[in-house]
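[1] My questions are about this predicted structure, shown below with the sequence.
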Amino acid sequence: MSNRTADASTPTFSLEWPRAYGGCAGRAEFKREPADFVVEEQLGFEPEGEGEHLFLQIEKQGHNTEWLARQLAKWCEVHPRDVSFSGLKDRQAITTQWFGVQLPGRPDPDLSAFEEPGLRILQARRHPRKLRRGVHRGNRFRIRLRRFEGDADALVAQLQRIAEEGYPNYFGEQRFGFAGGNLGEALRLFRGEIRVRDRARRSIYLSAARSWLFNQLLAERVEAGCWNRYREGDLPGFFGNQSLVRADRVDEDILAKFEQRELCPTGPLWGRGELSTGDGVAEQERQLAARHPDLCSGLEAAGMKQERRRLVARAAGLSWNFEGDELLLSFELESGGYATALLRELVDTE
């Protein structure tokens, strides 16, 4: 793959999107130490205790998920494709997550022999099925923001609204690479300027393009004040699962569920196929595609299919506490939610 930099024909992709609750209440330091960002993956089911897949719950610090998967493959003497995980976790943090190693007809390896600084195996259990991407229920976060400067009363008011109403379900900036570089590479891929044989790298570029388009649509609705409200033609999605309500089946009962915050609007993850929304919502989504034809046509040509993502994220069990000029946050997000998208509603951490 070529490493040349993007030329003048490559557009600049903005990673600035509007906030829902009036902008940041101040500034703070984030992730000064790994212990300031603690993430615990919530698997959502118990491994059954038998089967050809060995599930390992591992606490890590200073290592990224993909590196650890490769180390597990070497340790267990299997091909890297036989090691799986549900979600990627930050390197600059203390994170706990599950890995799966396929070991058909083989005994468990000696767990005591797997020694690496910054790693600790917490559990090991067998399971009959592979651990697949995105299967975990969610992630529990404990965050410490240091040296807060700003309006503490305004910040608490924002936290109270987020606890009650949720926050815009933006994809986090880490999705787009340093300075949005993954987006430029995606565009070059779609234009045929580069070839990417590595499947993981190609997937990163496709995901970046899809995520940016979604964020653009969500930003329009945040600006219009309807990111968390029903619009005629919306395709509503339930919290807690992937179920959708067809746009032509929205009735008074469905609207009542909106008011009870059991449902929220969804936005497009671009790909092949017809939009399922109706009326003005579908038109807004078609206009988005018309403004970014290279990205949308590239995703379609790559074989991506139309999917939906909720416009609203909920922080379950959100709690907060000040210790001097430090703010401690605790909450749980469903799989696919970004803690950084919540933080950007509150403080500037740059």
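    Received the coordinates, thanks. Numbering: from 1, shown residues only.
[2] who touches the residue nearest to Leu295 when sequence neighbours are not counted in this structure?
    Counting by CB to CB, 6 or more residues apart in numbering, the nearest residue to Leu295 once its immediate chain neighbours are dropped is Ala209, at 4.8 Å. Heads up, the C-betas are built off the backbone N, CA and C, glycines and all. For Ala209, the contact set (CB atoms under 8 Å, 6 or more residues apart in numbering) comprises 183, 186-187, 190, 270, 295, 298-299.
[3] Any figure for the gap between Val83 and Glu33?
    When distance is defined by CB to CB, to the nearest Å, Val83 is 29 Å away from Glu33.
[4] Look at these two and report which has more neighbours.
    Between Val83 and Glu33, Val83 has the larger neighbour count (other CB atoms under 10 Å), namely 24 against 12.
[5] Hmm, the more buried one is touching Gln71, no?
    No - with contact defined as CB atoms under 8 Å, Val83 does not reach Gln71; the gap is 9.1 Å.
[6] So, low pLDDT: which residues of this protein?
    1-11, 350 (pLDDT under 70).
[7] would you list every one of the helices in it?
    65-76, 152-165, 181-190, 199-224, 252-259, 279-291, 293-301, 339-346 (DSSP state H).
[8] Now the fourth one: buried residues?
    It refers to helix 199-224. 202, 204-222 (16 or more other CB atoms under 10 Å).
[9] got it, and the first one?
    By neighbour count, with 16+ other CB under 10 Å as the criterion, the buried positions of helix 65-76 are 65, 68-69, 72-73, 75-76.
[10] And this protein, what are its domain boundaries?
    When the chain is parsed with automatic domain parsing, its domains come out as 11-43+137-166+315-350, 45-135, 196-313.
[11] Turn these into a markdown table, columns for distance to Phe178.
    Shown next, in a markdown table, are the domains of the chain (distance: least, CB to CB, whole Å):
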| stretch | distance to Phe178 |
| --- | --- |
| domain 11-43+137-166+315-350 | 11 |
| domain 45-135 | 14 |
| domain 196-313 | 12 |
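[12] Can you say which of the ones you listed is nearest to Arg175?
    In terms of CB to CB, the element of those nearest to Arg175 is domain 196-313, at 4.8 Å.
[13] what's the span of that closest one, first residue to last?
    By CA to CA, to the nearest Å, the extent of domain 196-313 from end to end equals 33 Å.
[14] still on that earlier bit, and the two most separated of the buried residues of helix 65-76?
    Across the buried residues of helix 65-76 (CB to CB), the longest gap, 16.3 Å, separates Thr65 and Cys76.
[15] Settle this for me: Arg137 is touching Ser335, isn't it.
    Yes - proximity of Arg137 to Ser335 meets the contact threshold set by CB under 8 Å, at 6.5 Å.
[16] Give me the neighbour count for the nearest residue to Glu326 once chain neighbours are set aside.
    Sequence neighbours aside, Arg146 is the residue nearest to Glu326 in space, at 5.3 Å (criterion: CB to CB, 6+ apart). The tally of other residues near Arg146 (other CB under 10 Å) stands at 16.
[17] check contacts around Arg146.
    28-30, 32, 36, 325-326.
[18] same thing but 6 Å
    The neighbours of Arg146, taking CB atoms under 6 Å, 6 or more residues apart in numbering as the test, are 29, 32, 326.
[19] tell me which of these is nearest to Glu345?
    Nearest to Glu345 out of the contacts of Arg146 is Glu29 (CB to CB; 17.3 Å).
[20] list the contacts for Gln102?
    Gln102 neighbours (CB under 6 Å, 6+ apart): 53, 82.
[21] so what's it bridging to?
    For Gln102, the beta-bridge partners are His53 (DSSP bridges).
[22] List the contacts of Leu275.
    Residues near Leu275 by CB under 6 Å, 6+ apart: 282, 285.
[23] Could you count how many residues lie near the residue lying closest to Leu145 once chain neighbours are set aside?
    Take Leu145 and drop its neighbours on the chain: the residue closest to it by CB to CB, 6+ apart is Ala28, 3.9 Å away. The burial count assigned to Ala28 is 23, neighbours taken as other CB under 10 Å.
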